[in-house]
Each structure stands twice: as C-alpha cells, then as structure tokens.
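J.: Fold the following for me, if possible:
(one chain, ligands or ions: 1)
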Amino acid sequence: MTAPELEEPPAGVRELFGLAWAPIEHFAQMLAEEGELRGLIGPRELPRLWSRHIVNSAAVEPFVGSAASVADVGTGAGFPGVVLAVMRPDLDIHLVEPMERRVRWLTDVLEELDLDNVTVQHARAEELHGRATFDVVTARAVAAMDKLARWTSPLIRPSGRLVALKGQRATEELEAAKYVLRKARMDDVAVHEVRPVEAAEATTVVVATKRR
Ligand SMILES: C[S@@+](CC[C@H](N)C(=O)[O-])C[C@H]1O[C@@H](n2cnc3c(N)ncnc32)[C@H](O)[C@@H]1O
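T.: Model prediction:
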C-alpha cells in the first residue's frame, strides 16, 4: 500500500496567504513528513490537510481583527494557532496545549518557521485562570460550547471575544451553553458561515463577545 499523499493546495490558497505562503507551505510539509509519525494527525488527514485543516483554520483570522493578544486553546498539531501566527506576525500569540508530545511538536514548528511572535504554554486552559488574560481566545475541536465557555471566559478581557470554529452542531451547542454564556457575560453571540476560498468547505465560526 502506498502512503497517502499531501493534498495540492486548492485554488485561491496562495492568494489567501499572500506573504505568508512560504511559511504555511513549510508547515504543511512538516506535517506531511512528521505528522503521522509523531502521532499528530491520522493517515487520512494528508489528502485533506489544506482544505479541511489549514484553510479551515484561516477562517478565524478576520474575527481576530485588531486584537493585540490571542490565546489558542488546545492547539494540538497547530490548528488554528500556528496558521493564525503565520498570517498575523503582528499578534502576540499563546498556544495553550496540555499534551507534552504536542507541546514538543509546536516548539519545533515555531523554531523551524522562525515564529518569534508565539509562545507555547504547556497547560490546560483552566490552569491559566487568574494568571493571564487575552483580547481573543480561539479554539477548534476542543470541547462543546458550554465547557469551552467555562474554560475560556476567565481568560478573556472585557470586550474581548471567544472565536470558536465549530461543526454542524453549532446551534445545538449554543442552545446548551446559553446559561454558561450568560453567567460569563458572553451572551453577545454571532454565528458566521465562512468559506475562506471557494474550493474549500465552508466552516462555522462562533464569536462570543464578553461584556464590559
Ligand atoms: C481534538 S484536538 C484538536 C486540536 C486542534 N485544535 C485541531 O483542531 O486540530 C483537542 C486538543 O485540545 C487539547 N485539550 C484538551 N483539554 C484541554 C484543556 N482543558 N485546555 C487546553 N487544551 C486542551 C488536547 O490536548 C488536544 O490537543
């Protein structure tokens, strides 16, 4: 059996990344060479690495806006935190990841891509409560909305926001998280369907802004 091949970037992806094209391509190559070996992605992910993971992660960028500091909670192999870091070298980005193996990988990626705007925090989100706050917290495939709101709200500054990449259950999850979001003063919620490039799948971005 031959090893699955890395997907060709879909049309429009080069334009989406612009000046960040070289580092994002390098990141995709690192994942193609080491991702499975280091237990970061399954073999089935390479043929959809661009359209399902990288382009999908890029969907958070417009919702980060003019924020200065961002924490990506549960970055795993690098989604969306590394993708955002490559696109926005102006941001101070913290990748929060509890699994040591993934922390080692993320540290290697930062060094290899020369990303000096990023710090890796070897921690669970809850361990940072009372120790740090950020303008924006991002998350993808980490926990359902109620749990995510509990883990992240103490990390978000007043007027800051949670930007969560969600699947088709976004509306149900939001319904179940109503009480938690209200208690956390994060009940100003907007749901956006985003397709960063025509050739890739649309994704749901939930933005919950924290009241002052
Ligand atoms: C399913 S993976 C998703 C990884 C990446 N965000 C992605 O979209 O591919 C979930 C990640 O969340 C991390 N995680 C789990 N609980 C966490 C917590 N309480 N705080 C921060 N990260 C957590 C896990 O270690 C894992 O890397």
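J.: Now do the longest strand seen in the chain: which elements does it pack against?
T.: Of all segments of type strand in the chain, defined using DSSP state E, the longest is strand 156-166. In terms of contacts (3 or more C-beta pairs under 8 Å, 6 or more residues apart in numbering; DSSP states H and E), strand 156-166 is packed against helix 61-64, strand 134-140, helix 145-152, strand 203-209. Bear in mind the C-beta positions are built from the backbone N, C-alpha and C, glycine included.
J.: of all these, which lies closest to the ligand?
T.: strand 134-140 (3.7 Å; C-beta to the nearest ligand atom).
J.: and the helices and strands packed on strand 156-166, which is most packed in?
T.: Across the helices and strands packed on strand 156-166, averaging neighbours per residue (mean count of other C-beta atoms under 10 Å) puts strand 134-140 on top, at a mean of 26.
J.: returning to that earlier point: can you put the helices and strands packed on strand 156-166 in TSV and add mean pLDDT and distance to the ligand?
T.: Shown next, in TSV, are the helices and strands packed on strand 156-166 (pLDDT from 0 to 100; distance: least, C-beta to the nearest ligand atom, whole Å):
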stretch	mean pLDDT	distance to the ligand
helix 61-64	97	15
strand 134-140	98	4
helix 145-152	98	5
strand 203-209	97	11
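J.: would you turn the ones you listed into a markdown table with distance to residue 5?
T.: Below are those laid out as a markdown table (distance: least, C-beta to C-beta, whole Å):
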| stretch | distance to residue 5 |
| --- | --- |
| helix 61-64 | 27 |
| strand 134-140 | 24 |
| helix 145-152 | 34 |
| strand 203-209 | 24 |
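J.: Of these, which is nearest residue 117?
T.: Set against residue 117 and scored by C-beta to C-beta, those come closest in helix 61-64, at 12.8 Å.
J.: list the helices and strands that closest one packs on?
T.: Helix 61-64 sits against helix 81-87, strand 134-140, strand 156-166, with contacts defined as 3+ C-beta pairs under 8 Å, 6+ apart.
J.: make it 7 Å
T.: Judged by 3 or more C-beta pairs under 7 Å, 6 or more residues apart in numbering; DSSP states H and E, the packing partners of helix 61-64 are helix 81-87.
J.: Tell me the helix or strand right after the helix it packs on.
T.: Once helix 81-87 ends, the next helix or strand along the chain (criterion: DSSP states H and E) is strand 92-96.
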